[in-house]
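Colleague: Below is the structure, and that's it, no one-letter string:
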């Protein structure tokens, strides 16, 4: 099984200098590629000079995460693509459990390792933690991270299990499954495109798996920090688009209506807490969603499996009203 580790980069020279050494040291069984999204900070020249073992893929524009990876992967021949953020530190032996899991179960099409916080290595990291899920309304959450509550890693998630989505910060995906699903949706540009991809691959009978015996550390916010309004815009807009595109039940319109009401409440909370830029970002996200509805209606799958996409009806209710702030607490009483 041939493996390509592909790191997407846009003006991340400092991150490459910090994190590339660990990737090269602990990934001997893989070919490492840097896919550059038309950087202007000298990233490519830096890698050429200091990391000659890294293969360069030069994209002609910054098309975001989705287009950047689609362009980078289309000519690669390896069986497995490991898509790795430029701000991730890998550990010794991290790849072996992932490759063994692919070999053990034919239908496993994507895998995520345990993702811990680079800045606080005893805790899970926001983007993926120990594997992702969505509730009935499409709000994402993770084992080890619900909204802004990050759990301490006490080996409670050292297992291997099926999940709904694997984090784009570090996702290993079979080339065949990636191509069959159509790759990333470039209309999303960035954020939640991995949820969309994982949903589509499951509609094609693929399994998304978490492997707790593989660990990486994610810095987070390397491109857009948590407090960046652009991140708020993409997360709120793309969550609605992913739901519209992939939920082929007739109730999707009611779900979207409820979601937008809850989004409005979140917007007002941002405004009242002194973050008007995030209030504006959610407003713009909804306008952008409206403009893309006709295009995404055309993308709705007509003959897909009606998979059980959620375990929790409302993560908002469970977290904010019932004060269930950990994954284990959630599953003690699902409602």
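Modeller: Perfect, I can see it now. The structure displayed is predicted, hence computed values, not measured ones.

Colleague: count of residues packed around the nearest residue to residue 58 once chain neighbours are set aside?
Modeller: Counting by CB to CB, 6 or more residues apart in numbering, residue 36 is the residue found nearest to residue 58 once chain neighbours are left out, at 5.6 Å. C-beta here means a position set from N, CA and C on the backbone, and glycine is covered the same way. By other CB atoms under 10 Å, 23 other residues sit near residue 36.

Colleague: Which elements pack onto the strand or helix carrying residue 237?
Modeller: Per DSSP states H and E, residue 237 falls inside helix 229-246. Under the contact criterion of 3 or more CB pairs under 8 Å, 6 or more residues apart in numbering; DSSP states H and E, helix 229-246 touches helix 193-203, helix 252-272, helix 276-299.

Colleague: by how many degrees do it and helix 252-272 diverge?
Modeller: Orientation of helix 229-246 against helix 252-272 (axes from the mean of the first three to the mean of the last three CA atoms, to 10 degrees) gives an angle of 170 degrees.

Colleague: Please state the offset of helix 229-246 from the chain centre?
Modeller: 13 Å (CA atoms, centre = their mean, to the nearest Å).

Colleague: Any stretches of the stretch 201-335 of the chain with poor pLDDT?
Modeller: Within the stretch 201-335 of the chain, the ranges that satisfy pLDDT under 70 run 222-226, 302-305, 333-335.

Colleague: mind running it again at 80?
Modeller: For the stretch 201-335 of the chain, residues meeting the criterion pLDDT under 80 lie at 221-227, 301-306, 332-335.

Colleague: Report the contact partners of residue 196.
Modeller: 184-185, 188, 238, 241-242, 245-246 (CB atoms under 8 Å, 6 or more residues apart in numbering).

Colleague: Going by neighbour count, which of those residues are buried?
Modeller: 184-185, 188, 238, 241-242, 245-246 (16 or more other CB atoms under 10 Å).

Colleague: Rebuild the residues you listed as a markdown table, extending it with distance to residue 125.
Modeller: Converted to a markdown table, these look like this (distance: CB to CB, whole Å):
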| residue | distance to residue 125 |
| --- | --- |
| 184 | 21 |
| 185 | 24 |
| 188 | 21 |
| 238 | 20 |
| 241 | 25 |
| 242 | 21 |
| 245 | 27 |
| 246 | 25 |
